[in-house]
Structures are given as structure tokens and as C-alpha cells.
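1. curious how this folds, go ahead:
(one chain, ligands or ions: 1)
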Amino acid sequence: MRSPCVIVLGAQWGDEGKGKIVDLLAGRFAWIARYQGGHNAGHTVVIGGRRFILQLIPCGILRGASKAVIGNGVVLDPQALVDEIASLAAAGVDVAGQLFVSNRAHVILPYHRSIEHAAESAPGRLRIGTTSRGIGPAYEDKMGRRGLRVADLYDPALLRDHISESLAEKNAIAQALFGAAPLDAGSILETYQGLAEQIRPFVADTGALLNAAAARGESILLEGAQGALLDIDHGTYPFVTSSSTTAGGACIGTGLAPTRLTGAIGVSKAYCTRVGGGPFPTELAGAAGDDLRRRGNEFGSVTGRPRRVGWFDAPLMRYAAALNGLDALVVTKLDVLDELARIPVCVGYRGGDAIPPTVAGWGAIEPVYEQLPGWQTSTEGVTRWQDLPPRARDYLAFLARVSGVEIGMVSTGPERDQTITIAGSKLEQLLGAPTGAAAQEGARVRGNSARP
Ligand code: GDP
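-> Predicted coordinates for the structure are as follows:
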């Protein structure tokens, strides 16, 4: 049997609680790799009551056994990496010998940040709601074939020329378009030379490492950042991120051969949220939305921004399932719905479920809801399927049925042990072994499970 080589990704617009789930699964894998995004990911992991926010380093690093990779598809802010390594060290986690950074990852430079910030604040420009960390502009330079890669940091002449030439251009653009003050090439060069030395021990040909590991039969978890609906091609364009968040991006962004993959797991909330602008058909406004936001503590872990909240959107989940070939679903934050008397679920769109390619098309969507009865009992911390209130089980079975994806795991709180794993599920098969002591016999949450 082939060893597991599995993608775990957000099946909505990000913030689905992937951090906790990847952390939970990470101990079962020899390697954990990030394949896209930058230090805007903001995974939150809670271990023993301590909160870790990891923005760049794969959160699997908190499981000592795993080797962690920042793949070529990630854009790297070396300062953010150095800071994150230092904060982990302060918490007693030493990443030496465990963390590998792709020599082909593109580097974020200070002008990427300043241009993005100026563009997002400029009057008359479409606000995407980015975190202004320079991630989008770094990807633009990558695709424009004028980027700087990690390996280039170690060629002094190339680095000096690149910074001075790029900066001359970027300063002119930022000045002309946004009236921004120019940046100084000398200080950027000095800073980046220093940072390059600090990250040098971690730099490697990570594609070669991963393919060799797979050839040796070692297991690999590919960790998505953001979510499927923020994919640059397949998401709600232009309200998307600048990289390929979907399963296809996992190979591009690591160099791991597609034929090595053995499956894809989607992570979804029991409801739905999104940060920033853009389409959100099931959005819940007003006091009810405020209430759900408060219960779910839906505020960005990196930016603190309030997240938009709404109901589970089955047509979008079917879309995400098809795009990513999802084999199994993990449903998080079930406990957030505990007090509701009834829970709407969007089961379709009036006039058809086709996912529109334009913002105008999204605006015309009318969700069709089914109202499910709430369980109005605490599910917080429940670890066994049979201990869930029957209506909560029915709700989950309903989500699986309307999504067409089997549920293999349910999260009932932020802590690792506040999790239900479903014995005999497809997810368990994908992981190559029973998911541990918490796995229970008999519970099945399949796409075709009985109606509530
Ligand atoms: P990620 O980027 O997908 O990992 O998501 P975030 O870390 O931005 O947001 C998830 C938040 O929900 C974090 O604060 C988690 O600690 C928390 N969380 C994860 N799973 C659950 C759950 O099942 N219930 C509750 N109440 N909180 C959860």
C-alpha cells in the first residue's frame, strides 16, 4: 500500500479551523508542507491552553516528529520567518533540523508591502480586503518574471542589483500612482543580507526532499492556507488571494509529483464565514449575524478584523468538493451552533447551482434554505459521536448528504481533544490507520446517510 500523501485544505473562504485539524493529524505524518500563500494564513493552534498563531511555518512543527516544509509556492517574508522562529523558540519549540524552506520560494520585499498598502488605500481602487503584507505584489513579480527567489539572496551581486533596479521602478510607480514616499535601497540591502544569513540553515531544495521522501514511502501532509473559494482561478474572483489554494496548487507549490497524492480532505465550519469583500450568498446581517460572530469568536487571528458570518452553503461545498476531489470532510465549530433553535442550511440556488464566474452573477444568486431544528444542548468538548444530541447528529448527516462528501471528523471546541473521529470512515482510510483512541465504532456520516 502507498503511504499517505494527503492534502488538507479549507473548503470555504478560509479560517475553517484548519490549524487545529492539521495539528491533530500532523503527528501521523513524517512531513508537513505549505504550498501557497504567505504570512497571512494565521493558523491558530491551542495546546494545553496556550494559543500559538503560526502564519508562515506549517503548524505541524508543533508535533516534534514531523519535518516541516515551506514550499516553493509560498511567498516568503524573511523577517516574518525569523520572528516566527524566535517566538516558537521563546515558547520552547526549536525548529532546527525540522524546518526546510524552499530555495525557489519568492521573497517579499518592503516595496511589495508599501505598494499594496498604498493601492488598497487609494481612492477609486477596488478594495479586496488584503492584509497589506506584500503578498499579492510579490506574486505579481513572480508571474511577471521579475521576482527574487530565496536562492538569489545568497548571490551578493545579484541581490544588490535586483534591489536597486526593482526599487527604482517601484519607487517611481508608488510615487506616480499613490504619492508614496520612496524607500532606500541601501537599508533594504543591508536588512536582507542579515536576514538571509539568519534563514540560511533552513534553505533547501524542498521539492527534491519531498519527492525523495515519497519514494522512500514516507507520509506527507500538504497543508493549504486560506480556502478553496479564495483560489486565484477558481475562487470568487477578484475577491480572492493571489495563489492556487485548491488541491491542484499543492503539487505546483511543492514540486511533489501529482501521482504521489493519495487523497484530499476538506475542512469546513458547520456554518460559513469570510473575511474582506466579495460574494457571500448566505451572509447573515444584523443582530443575528452579530450573535453568530460573537458565539464563534469570528475575528481574524492575524488582523483582528470581524469576519462576515452566514449559513452553510451546500452548492459551494459541492463546488469545492468537485474542484478538489474531496474524499472526506472535517466539520469544525459545531459547538458554536449549540444555542440556536433552528439552523438554516442553503441547499441550492434558485434557478440552478452553477457557480457564476462574475461578481454580477454572484449578486443575482438567491439561496434556497432548509431549516433544521437546533439541538439547544452543549456539544462543547464532546468526543464521541454517540454522545452528540440526536439533532446535532442529524444536522451533520444532513450536511454530508447535501454536500455529497462523507464527514470523517467533527470538531467541538478549539482544543485538540475536543474532537470526534469517526471510525471506519474514508478519512481514517486515507490516513492509513485508525485515527486513535477517540475513534468509535459504528458511527458513519456518509454523503448518502439517512435524512434527519
Ligand atoms: P484556520 O486558519 O483555518 O486554522 O482558522 P483560524 O485559526 O483563523 O480560526 C479558527 C478558530 O476557531 C481558532 O481560534 C480556533 O482555535 C477555533 N476553533 C477551531 N475549531 C473549533 C471548534 O470546533 N469550536 C470552537 N468553538 N472553536 C474552534
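
2. C-alpha from now on. contacts and neighbour counts both.
-> Will do.

3. what about residue 60, distance to the ligand?
-> Counting by CA to the nearest ligand atom, to the nearest Å, the gap from residue 60 to the ligand is 12 Å.

4. what residues does stretch 221-234 touch?
-> Here stretch 221-234 makes contact (CA atoms under 8 Å, 6 or more residues apart in numbering) with 4-15, 22, 26, 29, 31-37, 41, 58, 235-246, 250, 320.

5. ah, wrong one, I meant stretch 347-361
-> With CA under 8 Å, 6+ apart as the criterion, stretch 347-361 contacts 236-237, 278-279, 313-316, 319, 362, 365-370, 402.

6. rerun at 7 Å
-> 279, 313-315, 362, 365-370, 402 (CA atoms under 7 Å, 6 or more residues apart in numbering).

7. mind checking which of these land in strands?
-> Among the contacts of stretch 347-361, the ones falling in strands (DSSP state E) are 367-370.

8. kindly give a single ChimeraX line that selects the buried subset of the residues you listed.
-> To isolate the buried members of these in ChimeraX, using 16 or more other CA atoms under 10 Å:
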select :367,369
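
9. need the max-distance pair from the ones in strands among the contacts of stretch 347-361.
-> Maximum pairwise distance in the ones in strands among the contacts of stretch 347-361, criterion CA to CA, is 9.9 Å, between 367 and 370.

10. hey, what's in contact with both of the two?
-> Each of residue 346 lies in contact with both residue 367 and residue 370 under the rule CA under 7 Å, 6+ apart.

11. nearest residue to residue 393 other than its sequence neighbours?
-> Of all residues not flanking residue 393 in the chain, residue 385 sits nearest, at 7.6 Å (CA to CA, 6 or more residues apart in numbering).

12. okay, now that neighbour: neighbour count?
-> Residue 385 has 25 neighbours, counted by other CA atoms under 10 Å.

13. wait, doesn't it sit right on residue 420?
-> Yes. Residue 385 lies in contact with residue 420 (CA atoms under 7 Å); the separation is 6.2 Å.

14. where in this protein is the helix or strand with the lowest mean pLDDT?
-> strand 43-47 (a mean of 70; mean pLDDT, DSSP states H and E).

15. and the following helix or strand past that one, which strands flank it?
-> The first helix or strand that comes after strand 43-47 along the chain, using DSSP states H and E, is strand 50-54. When sheet partners are counted by DSSP bridges, strand 50-54 sits next to strand 43-47 (antiparallel).

16. any idea of the pLDDT on the residue nearest to the spatial centre of the chain?
-> Geometric centre of the chain, nearest residue: residue 225, 2.3 Å, by CA atoms, centre = their mean. pLDDT, residue 225: 91.

17. tell me the SS of it?
-> Put simply, residue 225 is coil when judged by DSSP: H, G, I helix; E, B strand; the rest coil.

18. and the helices in this protein?
-> In the chain, the segments counted as helices under DSSP state H are 18-26, 78-90, 110-121, 135-143, 156-178, 185-199, 206-215, 247-252, 286-296, 314-324, 359-363, 390-403, 426-431.

19. stretch 76-85: which residues count as buried?
-> 76-81, 84-85.

20. that stretch - what's its average pLDDT?
-> 95.

21. what do you get for stretch 416-433?
-> On average, stretch 416-433 scores 91.

22. repeat for stretch 91-104
-> Stretch 91-104 comes out at a mean pLDDT of 92.

23. could you list the buried residues of it?
-> Neighbour-count burial for stretch 91-104 flags 94-95, 99-104 (criterion: 16+ other CA under 10 Å).

24. how far away from the center of its chain is it?
-> Here stretch 91-104 is found 20 Å from its chain centre; the criterion is CA atoms, centre = their mean, to the nearest Å.

25. who's in contact with it?
-> By CA under 7 Å, 6+ apart, the residues outside stretch 91-104 that reach it are 67-72, 88, 149-151, 202-206.

26. what's opposite residue 221 in the beta bridge?
-> Going by DSSP bridges, residue 221 forms beta bridges with residue 6, residue 32.

27. domain-wise, how is this protein divided?
-> Per automatic domain parsing, the structural domains of the chain span 5-99+205-439, 106-201.

28. lowest average pLDDT across these?
-> Taking mean pLDDT as the measure, domain 106-201 is lowest among those, coming in at a mean of 89.

29. what parts of the stretch 251-400 of the chain come near the ligand?
-> Where the stretch 251-400 of the chain comes near the ligand, counting by CA under 6 Å from any ligand atom, the residues are 296, 301, 332-336.

30. near the ligand, from the contacts of stretch 91-104?
-> Near the ligand, by the rule CA under 6 Å from any ligand atom, you find none of the contacts of stretch 91-104.

31. from those, pick the one nearest residue 166.
-> Among these, residue 149 lies closest to residue 166 (CA to CA), at 13.6 Å.

32. for that closest one, what are its contacts?
-> Listed by CA under 7 Å, 6+ apart, the contact partners of residue 149 are 103-107.

33. in a markdown table, list the residues you listed along with distance to residue 307.
-> Formatted as a markdown table, these follow (distance: CA to CA, whole Å):
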| residue | distance to residue 307 |
| --- | --- |
| 103 | 35 |
| 104 | 33 |
| 105 | 30 |
| 106 | 29 |
| 107 | 29 |
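
34. next step: those residues restricted to strands.
-> Using DSSP E, the subset of the contacts of residue 149 located in strands is 106-107.

35. within reach of the ligand, which of the contacts of residue 149 are there?
-> Restricting the contacts of residue 149 to those touching the ligand (CA under 6 Å from any ligand atom) yields no residues.

36. out of the contacts of residue 149, what pair is the most spread apart?
-> Between any two of these (CA to CA), the greatest distance is 10.0 Å, for 103 and 107.

37. list residues touching both of the two?
-> Here residue 103 and residue 107 have 149-150 as joint contacts, going by CA under 7 Å, 6+ apart.

38. between its first and last residues, what's the separation in stretch 50-61?
-> For stretch 50-61, the first-to-last residue distance is 15 Å (CA to CA, to the nearest Å).

39. let the chain start at 142 from now.
-> Okay, using 142 as the starting number, the last item reads as stretch 191-202.

40. quick one: contacts for residue 153?
-> Residue 153 makes contact with 368-370, 409, according to CA under 7 Å, 6+ apart.

41. which residues sit in contact with residue 228?
-> Counted by CA under 7 Å, 6+ apart, residue 228 has zero contacts.

42. and the gap between it and residue 243?
-> Residue 228 is 21 Å from residue 243, by CA to CA.
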